[in-house]
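Undergrad: below are the sequence and a predicted model; questions follow.
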Amino acid sequence: MSRRHPADSGGRQDFRGLALPGRVRRERLANGLEVCLVENHQAPLVTSVLYYRAGTRDEPAGHGGIAHFLEHMMFKGSAHFGPGEIDRRTQALGGVNNAFTSHDTTAYHFNFAADRWTEALLVEADRMAGLTLAADEVASERQVILEEIAMYASEPWDSLEMEVQAGLFGGHPYGRPVLGTREDLLATGPEDLADFHRRFYRPDNAVLVLAGEFGEGALDEVERTLGTIAAPPPAPVRRVASPPRAGDLPAGLTRLVRRKGEVPRLLLALPAPPADHPDHPALRLLVTLLGSGRSSRLQRALVDEDQLCVWVSADLTESLDASQILIGAEVVPGVETARVEADLFRHLADLARHPAPPEEVERAKQIARADWVFGHEKVQQQALSAGFALTLFDLAYLERHLAGIFAAGPERLQALAAEYLDPEKSAILGWSLPREGA
């Protein structure tokens with residue numbers, strides 16, 4: 001009898017089109033592991049990505065940074081792979097591996113040739129079921145992360161971003177640094193890491209994506225490795241999305257001024273809705289029009305025409321509880337920061353007062369389409385996107401998001417600009433200015 005169960009009520013599903021090229025199949029194993037196969041024969045390669053529903057937002061009080069700390073420790077020894085052996089084995093087989101931690105998830109990915117990709121499954125099963133967390137390895141890796149924290153604190157852009165994010169999200173976990181703090185890391189030991197691992201690193205709290213030319217029998221290989229790991233009771237904590245409360249977000253515009261580095265830098269953060277909110281796709285298009293590429297409004301105005309900034313960019317994050325619009329710029333030395341700020345705010349207000357010309361909106365849509373297509377040429381990004389969607393939302397999220405981008409028109413963007421691009425409603429404006437005498 002098969003140990004597999006159809007994923008969700010719809011069973012196996014094919015999603016075709018722009019979102020994910022190739023044939024997509026989903027299954028849920030008896031132990032709760034969700035598996036997504038993105039079959040794509042563009043190259044004899046396979047990417048495997050294992051997402052866990054565990055990030056900074058899940059950390060216990062007093063142990064900030066534990067999710068990222070555990071990510072490091074997943075490479076430092078398990079039952080059959082000693083410290084450093086995962087990297088050595090990956091390199092010996094001509095592959096690459098990496099991992100990342102966000103506020104919402106932690107993910108581990110491997111790229112291998114199509115004739116040896118199953119090695120990734122052996123590694124993932126071993127460290128899911130048998131992570132060792134030796135005290136000396138924990139102490140050594142803690143020191144590595146402490147040095148990483150010090151490096152971020154000394155880097156002008158990184159430190160500015162962390163301060164702005166803390167100001168925007170206040171008491172919500174999104175305001176905490178993914179790396180954690182020195183004090184919390186010093187208070188986090190092997191038992192704390194083991195407890196976090198037991199709670200969240202289990203098959204019924206994970207999503208595995210395989211993308212590429214994996215051939216027949218891929219699901220059988222998953223069953224033989226990850227499928228044999230039992231999900232222990234109790235069930236993992238089911239996280240309920242909790243948007244930042246009104247008291248968490250700043251009322252009005254808050255300015256932060258700091259002295260660091262040799263050039264003036266600006267970072268404006270405005271609150272935005274969660275990634276699955278109906279406004280989010282069209283807001284993505286608005287941000288593209290505003291600050292993505294050389295034809296964007298801010299690039300033309302602040303860099304090309306008025307020559308106030310060396311560069312400018314705009315981005316919209318995609319998160320479970322809330323997102324943020326980030327506008328960053330490096331200012332030309334000698335230019336008055338007040339003028340840059342006033343011009344930036346004027347361009348934001350103009351988008352709310354006047355609908356963008358249809359041709360400008362259409363150009364932004366073409367940029368968004370090109371960014372998606374070029375960004376998903378490689379199977380690795382296809383796997384990462386599928387895993388992100390399945391871990392936080394559902395697989396159809398990708399196509400819904402793209403459809404929402406292409407459906408938005410000038411009037412829709414104007415309304416969104418009035419709602420989300422007014423710094424006087426709620427925003428953090430961070431200035432990193434040259435040190436005195438620099």
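TA: Noted; the coordinates are in hand.

Undergrad: average pLDDT for stretch 165-180?
TA: Throughout stretch 165-180, pLDDT has a mean value of 94.

Undergrad: residues contacting that stretch, please?
TA: Applying CB atoms under 8 Å, 6 or more residues apart in numbering, the contact partners of stretch 165-180 are 55-57, 59, 63-69, 101-103, 145, 148-149, 152, 162, 188, 244-245, 247-250, 254, 256, 269, 271, 319, 321-322, 324, 427-428, 430. (Glycine included, C-beta is placed from N, CA and C.)

Undergrad: can you give me the helices in the stretch 51-200 of the chain?
TA: Taking DSSP state H, counting those that start in this stretch, the helices of the stretch 51-200 of the chain run over residues 66-73, 85-92, 119-129, 135-154, 156-169, 182-186, 190-200.

Undergrad: can I get the ones you listed in CSV including distance to R412 and mean neighbour count?
TA: CSV is the format used below for the helices of the stretch 51-200 of the chain (distance: least, CB to CB, whole Å; neighbours: other CB atoms under 10 Å):
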stretch, distance to R412, mean neighbour count
helix 66-73, 37, 24
helix 85-92, 46, 15
helix 119-129, 42, 21
helix 135-154, 38, 14
helix 156-169, 25, 20
helix 182-186, 43, 16
helix 190-200, 39, 17
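
Undergrad: of these, give the one that comes closest to A43.
TA: When the helices of the stretch 51-200 of the chain are compared by CB to CB, helix 119-129 sits nearest A43, at 16.6 Å.

Undergrad: quickly note the distance from L402 to H280.
TA: 12 Å (CB to CB, to the nearest Å).

Undergrad: between these two, which one's more packed in?
TA: Applying other CB atoms under 10 Å to L402 and H280 shows that H280 carries more neighbours, namely 22 against 18.

Undergrad: just the buried ones from the contacts of stretch 165-180?
TA: 55-57, 59, 63-69, 101-103, 145, 149, 152, 162, 188, 244, 248-250, 254, 269, 271, 319, 321-322, 324, 427-428, 430 (16 or more other CB atoms under 10 Å).

Undergrad: where in the chain is pLDDT low?
TA: 1-18, 237-243, 245-247, 437-438 (pLDDT under 70).

Undergrad: per the record, what domains does it have?
TA: 4-228, 252-433 (automatic domain parsing).

Undergrad: which one of those domains lies nearest to P234?
TA: domain 4-228 (9.4 Å).

Undergrad: can you pull the contacts of the closest residue to D158 other than its chain neighbours?
TA: Distance criterion CB to CB, 6 or more residues apart in numbering; nearest residue to D158, sequence neighbours excluded, is Y152 at 4.3 Å. For Y152, the contacting residues are D158, S159, M162, P177, L179, by CB under 8 Å, 6+ apart.

Undergrad: for those, which one is nearest R25?
TA: L179 (36.7 Å).

Undergrad: about what we covered before: need the helices of the stretch 51-200 of the chain in a markdown table (columns: distance to N31).
TA: Shown next, in a markdown table, are the helices of the stretch 51-200 of the chain (distance: least, CB to CB, whole Å):
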| stretch | distance to N31 |
| --- | --- |
| helix 66-73 | 21 |
| helix 85-92 | 23 |
| helix 119-129 | 11 |
| helix 135-154 | 28 |
| helix 156-169 | 35 |
| helix 182-186 | 32 |
| helix 190-200 | 15 |
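
Undergrad: no further queries at this time; thank you.
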